[in-house]
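> sharing a model prediction with you, sequence too.
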Amino acid sequence: MGSNSLKAQTYFLDQFPDVWQRNMDYSRALAEAMPANLYDYRPTPEAMSFGDQLLHIASNISYLTAIVNGEKRSFYEKEDRSSLDKDSIIEILDEANKYVLELIKKTEQSQLDEEIVFANENMTKENIFYLLRGHQTHHRGQALVYLRLNGIATPAYVGW
């Protein structure tokens with residue numbers, strides 16, 4: 001039983017940096033697939049645009065990583081949104097994802113094990129990293145649909 005507990009404790013520190021790197025690479029491939037002139041595309045008036053989906057991922061990273069390390073890092077100013085083009089948005093997404101990767105690498109097991117309450121749920125700070133990945137997957141999935149609605153080939157799925 002103790003061996004399984006130790007394995008569970010080392011999984012995150014040993015494996016999750018590579019998992020996050022693949023997540024980063026897949027998100028970037030998706031962002032690059034959409035032509036610049038379609039970054040403002042939205043399938044319905046109330047939906048976020050393609051570019052806004054990616055910026056929302058970066059904003060969520062800012063919010064959730066602050067729960068882990070207490071530092072709220074902003075990756076862009078929301079009032080500057082109208083001036084952000086495809087290259088700028090990809091740069092913001094890359095910067096936010098790299099920030100998470102560095103945080104994963106430098107967070108100690110004792111910090112990961114800290115218990116918190118988030119959205120009325122008891123969890124550890126480690127769970128925030130899984131939430132970051134799940135949230136990104138959710139919005140990336142919406143962005144994939146945007147690509148398909150425009151007849152654009154999507155990057156091959158990477159889910160591990």
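Structure received.
> how about low-confidence regions in this protein?
1-9, 159-160 (pLDDT under 70).
> of all residues in it, which one is nearest the centre?
residue 136 (4.0 Å; Cα atoms, centre = their mean).
> which SSE is immediately downstream of the helix or strand harbouring residue 20?
Here residue 20, judged by DSSP states H and E, is contained in helix 2-33. Once helix 2-33 ends, the next helix or strand along the chain (criterion: DSSP H and E) is helix 50-69.
> quick one, what contacts residue 58?
In this structure, residue 58 makes contact with 75, 76, 92, 93, 95, 96, judged by Cβ atoms under 8 Å, 6 or more residues apart in numbering. (Each C-beta comes from the backbone N, C-alpha and C, glycine too.)
> recalculate using a threshold of 10 Å.
Applying Cβ atoms under 10 Å, 6 or more residues apart in numbering, one finds that residue 58 lies in contact with 73-76, 89, 92-97, 99, 136.
> and residue 93, by the same measure?
24, 27-28, 30-31, 51, 53-55, 57-58, 61, 75-76, 136.
> how about the nearest residue to it, chain neighbours excluded?
residue 54 (5.0 Å; Cβ to Cβ, 6 or more residues apart in numbering).
> what about the one you found, distance to residue 48?
Using Cβ to Cβ, to the nearest Å, we find residue 54 at a distance of 9 Å from residue 48.
> now do residue 58
For residue 58, the distance to residue 48 (Cβ to Cβ) stands at 13 Å.
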